[in-house]
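Undergrad: Next input, structure requested:
(chains A and B)
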Amino acid sequence: MSICHHPDESTLMAYSAGALTEGFNLVVAAHLDPCPQCRQKVAEAEALGGELLGVLPAAQMSADGLDRVWDLIDREPADSDAVVLPSAAQVESRYDLPGVLKAYLPQGLSGVHWRTVVPGIRQYVFRDIDSGSGTVRLLSIAPGTSIPQHTHCGSELTLVLRGSYGDEIGRFRSGDMADLDDSVKHQPVADTDETCICLIATDDRLKFSDMFSRLLQPLVGI
Amino acid sequence: MLAVTTLESTPQDTAVEADLLASQSVEWLVCVANDRDRLAFEKLYEHFAPKVKSYLQRQGADPATADDLAQETMAQVWRKATQYEASRAAPGAWIFRIARNLRIDRLRRQRFHEVDLTETAEIADDGMDSHTRSTDRIDASRLPAMVRELPAEQFEVIQLAYFEGMTQSEIGERLELPLGTVKSRMRLAFGKLRAAIGEQS
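TA: So this is what the prediction gives:
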């Protein structure tokens, strides 16, 4: 797989800083999973985090702080809740479903409880992930179907999990990410005979361009 | 005409001190990992716990909570020390990551979705991926100078993101700047960061 579209460097920096909403954080992590280039950039931005930590003025720790750390360590000396970070081992399933998504979708993409929005477009909204005034969702777009033209009030991150789509910006395949702000107006179309499945986070509502879609908005909730 | 020489010897001294401290921190952390060395850990605590507490207070934690979470961060440093790879990250960056994740978990009650940045085996279904390698080694020795020389308007945006955990939209609102300007300032700072690290990619 070769990834052509990446998150903006400012997005990767915000990810490293811990300054994204939980929803954006998830979508970026899902892109990092198959993208070594962006992983490298995140590691660099974390190096900056370390450097910035160093220039902060030292705060006074409580007098018994160190003793209490030893207590914590003696109570639990090893890392029992060691997080098993997603590994690159699972070749096939990996691009369909990045490791970070498995906790949310234990049965994979085939087990998703889709809800039809309009013919050809289905969605699944992640209810427990905070994304500001926006949402995190999976969108399934049938071949040849297009999403009505829209802009965004805030930002939108889209990661293609399966299939591909094309819009005014380019062609997006599995692993590609579109990192859009409010200046972009686009109309994505699933452009192969395969259903296109995307993971999308917004931090505000979409603005549809035409009247019909605007009327639709409250119904579909996107 | 000669430039006016000021008596500012401090930046140089600070840089030397920072270098020394960075190499000592690596040694301490490696001693904790390999030998469960309690004395080395106490050195790490002395240096990093007050910084982590300061970081957490900047993120809005009250002093008592920041103290607790700084202790918890240091306990995790002990527990996870064997996972530390000196060739991949400076101790400060590694500890920053632990503190950041703990902050999001405890202060925001959210999850930081993390992936293994040191992943080595990149799978390419066509075998032709041009980026088939692990995360490059990061040389952090030029970062202190990079941070010092960062233009004020870029530093402002960076610290609101790193220290206050503000999203780009929130930074835009705070500074009364369009989102695009916030993003471009971060991108510029990132460019300087990459140049300082050595543009390995």
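
Undergrad: Would the helix ranked longest in chain B count as contacting chain A?
TA: When chain B is parsed with DSSP state H, its longest helix is helix B:10-35. Yes - shown here: helix B:10-35 in contact with chain A (CB under 8 Å from any CB of the partner chain) through B:A18. No exception for glycine: its C-beta is placed from N, CA and C like everyone else's.

Undergrad: Which elements pack onto the helix or strand following that helix?
TA: Stepping forward along the backbone from helix B:10-35, the first helix or strand reached (DSSP states H and E) is helix B:38-58. Under the contact criterion of 3 or more CB pairs under 8 Å, 6 or more residues apart in numbering or on different chains; DSSP states H and E, helix B:38-58 touches helix A:36-55, helix A:65-75, helix B:10-35, helix B:63-80, helix B:91-106.

Undergrad: ok, now with 6 Å
TA: Secondary-structure packing of helix B:38-58 (3 or more CB pairs under 6 Å, 6 or more residues apart in numbering or on different chains; DSSP states H and E): helix B:10-35, helix B:63-80, helix B:91-106.

Undergrad: residues making contact with it?
TA: In this structure, residues lying in contact with helix B:38-58 by CB atoms under 6 Å, 6 or more residues apart in numbering or on different chains are A:53, A:56-59, A:61, A:66, B:28, B:31-32, B:66-67, B:69-70, B:73-74, B:78, B:95, B:99, B:163.

Undergrad: and if you look at stretch B:145-160?
TA: With contact meaning CB under 6 Å, 6+ apart, stretch B:145-160 is reached by A:51, B:166, B:171, B:182, B:185-186, B:188-189, B:192, B:196.

Undergrad: What is the lowest-pLDDT residue among those?
TA: By pLDDT, B:A196 ranks lowest within the contacts of stretch B:145-160, coming in at 91.

Undergrad: okay but that one is in contact with B:R142, surely?
TA: Yes - the pair B:A196 / B:R142 is scored as a contact, 4.3 Å apart, by CB atoms under 6 Å.

Undergrad: So the two - more neighbours on which side?
TA: B:A196 (23 against 15; other CB atoms under 10 Å in any protein chain shown).

Undergrad: so who does that one touch?
TA: The contact partners of B:A196, taken as CB under 6 Å, 6+ apart, are B:142-143, B:146.

Undergrad: list the contacts for the residue of chain A found nearest chain B?
TA: Of all residues in chain A, A:G50 sits closest to chain B, with a separation of 3.1 Å (CB to the nearest CB). Shown in contact with A:G50 (CB under 6 Å, 6+ apart): B:90, B:92-93, B:96.

Undergrad: in chain A, which residue is closest to the centre?
TA: Nearest to the mean C-alpha position of chain A, by CA atoms, centre = their mean, lies A:V27 at 0.8 Å.

Undergrad: cool, chain B as well?
TA: Compute the mean C-alpha point of chain B, and by CA atoms, centre = their mean the closest residue is B:A93, 3.8 Å away.

Undergrad: hang on, that one packs against A:A45?
TA: No - with contact defined as CB under 6 Å, B:A93 does not reach A:A45; the gap is 9.4 Å.

Undergrad: Please tell me which one of the contacts of A:G50 counts the most neighbours.
TA: Compared across these, B:F96 has the highest neighbour count, 30 neighbours, by other CB under 10 Å.

Undergrad: Chain neighbours aside, what residue packs nearest to that residue?
TA: Excluding the flanking residues, the one nearest B:F96 by CB to CB, 6 or more residues apart in numbering or on different chains is A:G49, at 4.0 Å.

Undergrad: Lowest-scoring secondary structure element of chain B by mean pLDDT?
TA: Lowest mean confidence among the helices and strands of chain B (mean pLDDT, DSSP states H and E): helix B:10-35, at a mean of 82.

Undergrad: Please point out which parts of that helix sit buried.
TA: By neighbour count with 16 or more other CB atoms under 10 Å in any protein chain shown, helix B:10-35 contains the buried residues B:18, B:22, B:25-26, B:28-33.

Undergrad: quick check, nearest of these to chain A?
TA: Checking the buried residues of helix B:10-35 against chain A with CB to the nearest CB, the nearest one is B:A18 at 7.1 Å.

Undergrad: re the thing from before, and which of the contacts of A:G50 is nearest A:G134?
TA: Among those, B:F96 lies closest to A:G134 (CB to CB), at 27.7 Å.

Undergrad: and the closest one, what does it touch?
TA: Neighbour list for B:F96: A:49-50, A:53 [criterion: CB under 6 Å, 6+ apart].

Undergrad: rewinding a little: in what helix or strand does the residue nearest to the centre of chain A lie?
TA: Assigned by DSSP H and E, A:V27 belongs to helix A:22-32.

Undergrad: check contacts around A:L20.
TA: Neighbouring residues of A:L20 by CB under 6 Å, 6+ apart: A:A14.

Undergrad: Could you do B:A18 as well?
TA: Shown in contact with B:A18 (CB under 6 Å, 6+ apart): B:P144.

Undergrad: For B:Q159, see how far away it is.
TA: To B:Q159, B:A18 is 18 Å away according to CB to CB, to the nearest Å.

Undergrad: Over to A:D191?
TA: According to CB to CB, A:D191 and B:Q159 sit 43 Å apart.

Undergrad: Ok, B:A64 next?
TA: When distance is defined by CB to CB, B:A64 is 24 Å away from B:Q159.

Undergrad: Name the residue in those two with the higher neighbour count.
TA: A direct count of neighbours by other CB under 10 Å for B:A64 and B:Q159 places B:Q159 higher, at 19 against 9.

Undergrad: any idea which helix or strand carries the more buried one?
TA: In the assignment (DSSP H and E), B:Q159 maps to helix B:152-162.

Undergrad: ok and that helix relative to helix A:36-55, angle-wise?
TA: Relative orientation of helix B:152-162 versus helix A:36-55 (axes from the mean of the first three to the mean of the last three CA atoms, to 10 degrees): 100 degrees.

Undergrad: now helix B:152-162 against helix B:38-58, angle please.
TA: 110 degrees.

Undergrad: Mind listing what's buried along helix B:152-162?
TA: Under 16+ other CB under 10 Å, the buried positions of helix B:152-162 are B:154-162.

Undergrad: quick one: pLDDT of A:L216?
TA: Per the predicted model, pLDDT is 60 at A:L216.

Undergrad: likewise the one 5 residues further on?
TA: Note on A:G221: pLDDT of 56.
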